[in-house]
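Enquirer: Dropping the sequence and predicted coords here.
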Amino acid sequence: MAGEVNTKRMSMIVTKGSLDWAYPPFILATTAAAMGLDVTMFFTFYGLTLLKKKLDLKISTLGNPAMEMPMFGMHIGMPNLVSAVPGVDAAATTMMKNLIKKKGVASIEELRTMAVEADVRMIACQMTMDLFEYSRDDMIDGPVLGGAATYIETATKSDINLFI
Amino acid sequence: MADQVLDAKGLNCPLPILKAKKALKDLPIGGTLQVLATDPGAVKDFEAFCRTTGNDLVESKSEGKLFEFLIKRRS
(Lines give C-alpha, C1' and ligand atoms only; values in the text may rest on other atoms or scores of the structure.)
Protein backbone atom coordinates (compact mmCIF):
# COMPACT_ATOMS: atom_id res chain seq x y z
CA MET A 1 0.00 0.00 0.00
CA ALA A 2 2.30 2.73 1.22
CA GLY A 3 4.72 3.78 -1.46
CA GLU A 4 2.55 2.66 -4.38
CA VAL A 5 2.49 5.29 -7.09
CA ASN A 6 -1.28 5.67 -7.31
CA THR A 7 -2.02 5.43 -3.61
CA LYS A 8 -4.64 7.97 -2.60
CA ARG A 9 -4.06 9.96 0.56
CA MET A 10 -6.34 11.29 3.23
CA SER A 11 -5.52 13.64 6.07
CA MET A 12 -7.61 14.91 8.91
CA ILE A 13 -7.35 17.41 11.71
CA VAL A 14 -8.84 15.95 14.89
CA THR A 15 -9.89 18.72 17.26
CA LYS A 16 -12.48 17.18 19.56
CA GLY A 17 -12.04 14.78 22.43
CA SER A 18 -15.49 13.76 23.58
CA LEU A 19 -16.74 10.19 23.17
CA ASP A 20 -19.20 11.02 20.38
CA TRP A 21 -16.77 13.19 18.42
CA ALA A 22 -14.01 10.59 18.69
CA TYR A 23 -15.92 8.27 16.38
CA PRO A 24 -15.90 10.06 13.01
CA PRO A 25 -12.11 10.44 12.75
CA PHE A 26 -11.30 6.90 13.86
CA ILE A 27 -14.03 5.29 11.74
CA LEU A 28 -12.93 7.20 8.65
CA ALA A 29 -9.21 6.65 9.28
CA THR A 30 -9.53 2.87 9.75
CA THR A 31 -11.90 2.48 6.82
CA ALA A 32 -9.78 4.60 4.47
CA ALA A 33 -6.70 2.59 5.47
CA ALA A 34 -8.63 -0.64 4.82
CA MET A 35 -9.49 0.72 1.37
CA GLY A 36 -5.84 1.25 0.58
CA LEU A 37 -5.39 4.95 1.35
CA ASP A 38 -2.44 6.42 3.16
CA VAL A 39 -3.96 8.17 6.16
CA THR A 40 -2.59 10.90 8.41
CA MET A 41 -4.34 12.15 11.53
CA PHE A 42 -3.25 15.41 13.13
CA PHE A 43 -4.41 15.62 16.76
CA THR A 44 -4.71 19.10 18.17
CA PHE A 45 -6.40 20.81 21.12
CA TYR A 46 -9.03 18.54 22.69
CA GLY A 47 -8.44 15.94 20.00
CA LEU A 48 -5.05 15.30 21.57
CA THR A 49 -6.70 13.54 24.52
CA LEU A 50 -7.59 10.74 22.09
CA LEU A 51 -3.92 9.74 22.08
CA LYS A 52 -3.69 9.23 25.84
CA LYS A 53 -2.81 5.71 26.91
CA LYS A 54 -5.79 5.54 29.19
CA LEU A 55 -8.92 6.86 27.55
CA ASP A 56 -11.74 8.12 29.72
CA LEU A 57 -14.02 9.67 27.13
CA LYS A 58 -17.28 11.32 28.04
CA ILE A 59 -20.20 12.93 26.31
CA SER A 60 -21.82 16.15 27.34
CA THR A 61 -25.50 16.83 26.90
CA LEU A 62 -24.85 20.58 27.14
CA GLY A 63 -25.53 22.67 24.07
CA ASN A 64 -26.53 19.74 21.91
CA PRO A 65 -30.19 20.07 20.94
CA ALA A 66 -29.80 17.21 18.46
CA MET A 67 -28.95 14.68 21.14
CA GLU A 68 -31.85 12.34 21.69
CA MET A 69 -31.30 9.18 23.65
CA PRO A 70 -33.55 6.17 23.20
CA MET A 71 -35.14 5.73 26.62
CA PHE A 72 -38.40 4.20 27.83
CA GLY A 73 -39.37 3.34 24.29
CA MET A 74 -39.02 6.90 23.02
CA HIS A 75 -36.36 9.49 22.27
CA ILE A 76 -35.66 11.98 25.00
CA GLY A 77 -33.76 15.22 24.51
CA MET A 78 -31.68 16.93 27.16
CA PRO A 79 -32.48 20.57 27.90
CA ASN A 80 -29.42 22.60 28.86
CA LEU A 81 -30.85 23.18 32.31
CA VAL A 82 -30.85 19.43 32.97
CA SER A 83 -27.23 19.20 31.78
CA ALA A 84 -26.20 21.38 34.70
CA VAL A 85 -27.42 18.81 37.21
CA PRO A 86 -24.44 16.91 38.65
CA GLY A 87 -24.30 13.36 37.37
CA VAL A 88 -26.32 13.91 34.20
CA ASP A 89 -23.31 13.84 31.88
CA ALA A 90 -21.94 10.77 33.68
CA ALA A 91 -25.28 9.03 33.29
CA ALA A 92 -25.52 10.01 29.63
CA THR A 93 -21.98 8.69 29.09
CA THR A 94 -22.82 5.36 30.72
CA MET A 95 -25.98 5.13 28.64
CA MET A 96 -24.07 5.87 25.44
CA LYS A 97 -21.41 3.25 26.27
CA ASN A 98 -24.12 0.66 26.91
CA LEU A 99 -25.77 1.48 23.58
CA ILE A 100 -22.42 1.22 21.82
CA LYS A 101 -21.90 -2.27 23.20
CA LYS A 102 -25.45 -3.39 22.54
CA LYS A 103 -25.43 -2.22 18.92
CA GLY A 104 -22.14 -3.87 18.02
CA VAL A 105 -20.35 -0.55 17.56
CA ALA A 106 -16.59 -0.69 18.09
CA SER A 107 -15.07 1.03 21.10
CA ILE A 108 -12.72 3.93 20.48
CA GLU A 109 -9.88 1.89 22.01
CA GLU A 110 -10.58 -0.87 19.49
CA LEU A 111 -10.70 1.51 16.51
CA ARG A 112 -7.55 3.28 17.66
CA THR A 113 -5.67 -0.01 17.92
CA MET A 114 -6.86 -0.92 14.43
CA ALA A 115 -5.72 2.46 13.13
CA VAL A 116 -2.25 1.93 14.60
CA GLU A 117 -2.11 -1.60 13.15
CA ALA A 118 -3.13 -0.25 9.74
CA ASP A 119 -0.15 2.13 9.79
CA VAL A 120 -2.25 5.26 10.05
CA ARG A 121 0.24 8.06 10.58
CA MET A 122 -0.53 10.07 13.70
CA ILE A 123 0.85 13.48 14.51
CA ALA A 124 0.44 14.95 17.98
CA CYS A 125 0.39 18.74 18.03
CA GLN A 126 3.49 19.90 19.88
CA MET A 127 1.97 23.26 20.76
CA THR A 128 -1.06 21.63 22.39
CA MET A 129 1.25 19.27 24.30
CA ASP A 130 2.98 22.34 25.76
CA LEU A 131 -0.24 24.29 26.29
CA PHE A 132 -2.01 21.56 28.24
CA GLU A 133 1.22 20.27 29.82
CA TYR A 134 0.90 16.76 28.46
CA SER A 135 3.92 14.53 28.59
CA ARG A 136 4.92 12.21 25.76
CA ASP A 137 4.79 9.41 28.34
CA ASP A 138 1.02 9.95 28.74
CA MET A 139 0.51 9.12 25.08
CA ILE A 140 0.44 5.83 23.21
CA ASP A 141 3.47 4.76 21.20
CA GLY A 142 3.39 5.65 17.54
CA PRO A 143 2.37 9.28 17.12
CA VAL A 144 5.13 11.67 16.14
CA LEU A 145 5.24 15.23 17.41
CA GLY A 146 4.72 17.99 14.88
CA GLY A 147 3.14 21.29 14.14
CA ALA A 148 1.10 23.17 11.58
CA ALA A 149 3.76 23.03 8.89
CA THR A 150 4.02 19.26 9.22
CA TYR A 151 0.28 19.00 8.71
CA ILE A 152 0.17 21.45 5.79
CA GLU A 153 2.90 19.53 3.99
CA THR A 154 0.79 16.37 4.31
CA ALA A 155 -2.40 18.19 3.30
CA THR A 156 -0.88 19.55 0.10
CA LYS A 157 -0.17 15.97 -0.98
CA SER A 158 -3.55 14.56 0.04
CA ASP A 159 -6.63 13.87 -2.04
CA ILE A 160 -8.96 14.27 0.93
CA ASN A 161 -8.47 16.71 3.83
CA LEU A 162 -10.95 16.79 6.68
CA PHE A 163 -11.38 18.95 9.74
CA ILE A 164 -13.26 17.21 12.51
CA MET B 1 -17.61 -22.91 -1.10
CA ALA B 2 -15.48 -19.96 -0.04
CA ASP B 3 -11.89 -20.46 1.11
CA GLN B 4 -12.68 -18.63 4.31
CA VAL B 5 -15.77 -17.48 6.17
CA LEU B 6 -15.96 -14.31 8.27
CA ASP B 7 -18.78 -14.08 10.76
CA ALA B 8 -19.45 -10.36 11.20
CA LYS B 9 -22.98 -10.81 12.48
CA GLY B 10 -23.99 -8.26 15.12
CA LEU B 11 -21.11 -5.93 14.22
CA ASN B 12 -21.77 -2.39 13.12
CA CYS B 13 -20.02 -0.01 10.71
CA PRO B 14 -17.09 -0.05 10.06
CA LEU B 15 -16.20 -3.36 11.72
CA PRO B 16 -17.46 -5.74 8.98
CA ILE B 17 -15.28 -3.90 6.43
CA LEU B 18 -12.24 -3.73 8.72
CA LYS B 19 -12.46 -7.41 9.60
CA ALA B 20 -13.02 -8.36 5.95
CA LYS B 21 -9.93 -6.40 4.96
CA LYS B 22 -7.87 -8.28 7.55
CA ALA B 23 -9.24 -11.63 6.40
CA LEU B 24 -8.57 -10.84 2.73
CA LYS B 25 -4.96 -10.05 3.51
CA ASP B 26 -4.45 -13.61 4.68
CA LEU B 27 -5.89 -15.09 1.48
CA PRO B 28 -3.89 -15.72 -1.68
CA ILE B 29 -4.77 -13.68 -4.78
CA GLY B 30 -7.80 -15.42 -6.30
CA GLY B 31 -8.92 -16.72 -2.90
CA THR B 32 -12.51 -16.19 -1.81
CA LEU B 33 -13.96 -14.82 1.40
CA GLN B 34 -17.54 -15.18 2.50
CA VAL B 35 -18.77 -12.50 4.90
CA LEU B 36 -21.89 -12.93 7.01
CA ALA B 37 -23.32 -9.69 8.38
CA THR B 38 -26.44 -8.21 9.89
CA ASP B 39 -25.59 -4.55 9.28
CA PRO B 40 -27.84 -3.37 6.40
CA GLY B 41 -25.30 -0.62 5.63
CA ALA B 42 -22.79 -3.33 4.73
CA VAL B 43 -24.52 -3.87 1.37
CA LYS B 44 -23.50 -0.49 -0.04
CA ASP B 45 -20.24 -0.50 1.88
CA PHE B 46 -18.97 -3.79 0.46
CA GLU B 47 -19.80 -2.57 -3.05
CA ALA B 48 -17.79 0.60 -2.46
CA PHE B 49 -14.99 -1.27 -0.70
CA CYS B 50 -14.59 -3.74 -3.57
CA ARG B 51 -14.76 -1.03 -6.25
CA THR B 52 -12.10 1.04 -4.51
CA THR B 53 -9.75 -1.81 -3.62
CA GLY B 54 -10.13 -3.65 -6.93
CA ASN B 55 -11.45 -6.85 -5.39
CA ASP B 56 -14.40 -8.72 -6.91
CA LEU B 57 -17.75 -8.71 -5.18
CA VAL B 58 -18.85 -12.00 -6.67
CA GLU B 59 -22.10 -12.24 -4.79
CA SER B 60 -24.23 -10.08 -2.50
CA LYS B 61 -27.47 -11.49 -1.18
CA SER B 62 -29.79 -11.18 1.77
CA GLU B 63 -31.99 -13.63 3.57
CA GLY B 64 -34.24 -11.96 6.07
CA LYS B 65 -31.93 -9.99 8.35
CA LEU B 66 -28.79 -11.80 7.25
CA PHE B 67 -26.52 -10.47 4.53
CA GLU B 68 -24.02 -12.61 2.69
CA PHE B 69 -21.16 -11.38 0.58
CA LEU B 70 -18.66 -13.34 -1.48
CA ILE B 71 -15.45 -11.49 -2.23
CA LYS B 72 -12.64 -12.69 -4.48
CA ARG B 73 -9.26 -11.24 -3.69
CA ARG B 74 -7.80 -9.53 -6.73
CA SER B 75 -5.29 -7.11 -5.24
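Expert: Cool, the structure landed. Numbers count the residues shown, from 1 in each chain, chains lettered A, B, ... in the order given.
Enquirer: List the strands paired with the lowest-mean-pLDDT helix or strand in chain A, with their directions.
Expert: Across the helices and strands of chain A, mean pLDDT, DSSP states H and E gives its lowest value to strand A:68-71, namely a mean of 81. Strand A:68-71 pairs in its sheet with strand A:74-77 (antiparallel), by DSSP bridges.
Enquirer: what does the strand it pairs with contact?
Expert: A:65, A:67, A:68, A:69 (C-beta atoms under 8 Å, 6 or more residues apart in numbering or on different chains). Glycine gets a C-beta too; all of them are placed from N, C-alpha and C.
Enquirer: sec struct for the residue in chain B that chain A sits nearest to, please.
Expert: Chain A sits closest to residue B:21 of chain B, with a gap of 3.8 Å, by C-beta to the nearest C-beta. For residue B:21, the assignment made with DSSP: H, G, I helix; E, B strand; the rest coil gives helix.
Enquirer: Any figure for the gap between it and residue A:104?
Expert: 17 Å (C-beta to C-beta, to the nearest Å).
Enquirer: Could you find the residue in chain A that comes nearest to chain B?
Expert: residue A:34 (3.8 Å).
Enquirer: Residue A:22 is in contact with residue A:108, correct?
Expert: Yes. In this structure, residue A:108 is within contact of residue A:22 by C-beta atoms under 8 Å, at 4.8 Å.
Enquirer: which residues are common contacts for those two?
Expert: Common neighbours of residue A:108 and residue A:22 (C-beta under 8 Å, 6+ apart) are A:50, A:57.
Enquirer: Retrieve the pLDDT associated with the residue most central in space within chain A.
Expert: Centroid-nearest residue in chain A: residue A:22, 2.9 Å away (criterion: C-alpha atoms, centre = their mean). At residue A:22, the model reports a pLDDT of 97.
Enquirer: and if you look at the one 10 residues further on?
Expert: At residue A:32 the predicted local distance difference test score is 97.
Enquirer: ok, back up a step: compare neighbour counts for residue B:21 and residue A:104 and give me the winner.
Expert: residue B:21 (22 against 16; other C-beta atoms under 10 Å in any protein chain shown).
Enquirer: Contact partners for the residue lying closest to that one once chain neighbours are set aside?
Expert: Excluding its sequence neighbours, the residue lying closest to residue B:21 (C-beta to C-beta, 6 or more residues apart in numbering or on different chains) is residue A:34, at 3.8 Å. Counting by C-beta under 8 Å, 6+ apart, residue A:34 touches A:118, B:14, B:17, B:18, B:21, B:49.
Enquirer: Quick check: the gap between residue A:34 and residue A:119.
Expert: For residue A:34, the distance to residue A:119 - C-beta to C-beta - is 11 Å.
Enquirer: Okay, strands next: where are they in chain B?
Expert: B:4-8, B:32-37, B:56-63, B:66-72 (DSSP state E).
Enquirer: Show me what the first one pairs with in its sheet, parallel or antiparallel.
Expert: As defined by DSSP bridges, the strand partners of strand B:4-8 come to strand B:32-37 (parallel).
Enquirer: Perfect, that will be all.
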